[in-house]
Structure formats: structure tokens, C-alpha cells
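*Asks:* sequence first, predicted coordinates after that:
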Amino acid sequence: MTFDLSHINNDWTLFLDRDGVINVEKNEDYIRKWEEFEFYPESLKALPILAKKFTRIIITTNQKGVAKCLMTEADLKEIHANMKIQIESVHGRIDHILYCTDLDNDSPNRKPQPGMAFQAVDLYPDIHLNKSIMVGNRMSDMLFGRNAGMHTVFLATTHPETTFPDTKIDYRFDNLFQFAKAL
């Protein structure tokens, strides 16, 4: 049974994927530097709404491009710093960004494994994963959410062909702004 969005209050935590959720995802490639980063306009409208609704907003993102030496960790941190500045300029908020650069798909911190969710709980002990939502644009995000005991929201930004309903997906929206409005 799908949880009811109306039950969400300010003691819930929002986990967001980055590429394909907040920004335009590069097809079969990586965002390697800030100049390549492009926000979805809908995301910039959604983030201020979400900032008022959730106690914590955590980004969890797989970033294999670092381990492949296509970019440095400093490049990734610059992208994230600039992204946060832009989000804050529209009165949105990101409380923490967790990323996994591991090449091994079985790494405990690489989605769909739940390691980054457990890292978030270690950083913020007030997070309850059963009162958390994972929003992503891939089935690996949905599995990550389920593996961590979270509710899931699928955004059809990059994979609109994804079958819904699906037991791994609680809700499906076209973009982050539609999700924010549904709250």
C-alpha cells in the first residue's frame, strides 16, 4: 500500500538523486565541471517548497567519473558548492551531499546499496528512514530507497518508459516541481 503524501510533516527527511532530478543528466556521460551543470527550471521552483516541508534534504549521488579519472574530487566539490549557492539564492536548501565515487557496482555505498542512507543517519541521528523519501530518476534510486527502508518517488525526467505501477515505486511524477506541488 502506498503511503499518503498528506501525512508528510516537518520531521520527514528528503533524499534526492542529483543528475536527472535537480539538473539535466548527460546521456552516457558525466557532468565533469560546473560549466556543464544545467538546472532543470522546475527543480529551482521546487526546492524552496521542499525546504519548507522537510527537516533535512540530503543528496545521494553515484559519481563514478571521479574514479574513472574523468574529473577530480575537487571538480565534484566545486560543482556541488556552486549548485548549493544557486539553490540558496532561490530560498532552497540542501543540508548535505553524499556521493560515491567507487567503480565497483557492489560497493556498499553505491546505489542501489543503502550505504549512503546509513551515512546520513550517522551524520544526523534524528533521521528516521521510515519517515524518509527517496526521489530519483532511475530504478537504482528506487532500489536504494527500498533497501534503506524509505518510501520512493520516481521522476520520469530521463526514463519516461519506466513501467508504473511498480512495487519499488510509491509515486511517479514528471519532475520535481510536480512532486513538490503534490505535497
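*Replies:* It's in. Residues are numbered from 1 along each chain as shown.
*Asks:* from now on I want contacts and neighbour counts done on CA atoms only, so please keep to that.
*Replies:* Noted.
*Asks:* the helix or strand that contains L14 packs against which elements?
*Replies:* Here L14, judged by DSSP states H and E, is contained in strand 13-16. Helices and strands touching strand 13-16, by 3 or more C-alpha pairs under 8 Å, 6 or more residues apart in numbering; DSSP states H and E, are strand 56-62, strand 132-136.
*Asks:* after the first one, heading C-terminal, what element do we hit next?
*Replies:* Going back to what we said before, that points to strand 56-62. By DSSP H and E, the next helix or strand past strand 56-62 is helix 64-67.
*Asks:* pull out the buried positions in the helix or strand following that following helix.
*Replies:* For helix 64-67, the following helix or strand on the C-terminal side (DSSP H and E) is helix 73-89. The neighbour-count check on helix 73-89 (16 or more other C-alpha atoms under 10 Å) flags 75-76, 79-80, 83-84, 87-88 as buried.
*Asks:* which of those lies closest to Y30?
*Replies:* Using C-alpha to C-alpha, L76 comes nearest to Y30 of the buried residues of helix 73-89, at 10.5 Å.
*Asks:* before we move on, the earlier item: ok, which of the helices and strands packed on strand 13-16 comes nearest D104?
*Replies:* Nearest to D104, of all the helices and strands packed on strand 13-16, is strand 56-62, at 11.1 Å by C-alpha to C-alpha.
*Asks:* within its sheet, name the partner strands of that closest one and how each one runs.
*Replies:* Using DSSP bridges, the strands paired with strand 56-62 are strand 13-16 (parallel), strand 96-100 (parallel).
*Asks:* so which of these is the most packed in?
*Replies:* When these are scored by mean count of other C-alpha atoms under 10 Å, the highest mean neighbour count falls to strand 13-16 (a mean of 25).
*Asks:* contacts for that one next, please.
*Replies:* By C-alpha atoms under 8 Å, 6 or more residues apart in numbering, the residues outside strand 13-16 that reach it are 54-60, 127-129, 131-136.
*Asks:* filter those to the buried ones?
*Replies:* Neighbour counting with 16+ other C-alpha under 10 Å marks 54-60, 127, 129, 131-136 as buried within the contacts of strand 13-16.
*Asks:* residues touching D141, list them.
*Replies:* Contact analysis of D141 by C-alpha under 8 Å, 6+ apart lists 17, 111-112, 134-135.
*Asks:* ugh, wrong one, I meant K111
*Replies:* Residues near K111 by C-alpha under 8 Å, 6+ apart: 61-62, 140-141, 143-144.
*Asks:* go again using 7 Å as the cut-off
*Replies:* Shown in contact with K111 (C-alpha atoms under 7 Å, 6 or more residues apart in numbering): 62, 140-141, 144.
*Asks:* F144 versus that one, what's the distance?
*Replies:* Look at K111 and F144: by C-alpha to C-alpha, to the nearest Å, they are 5 Å apart.
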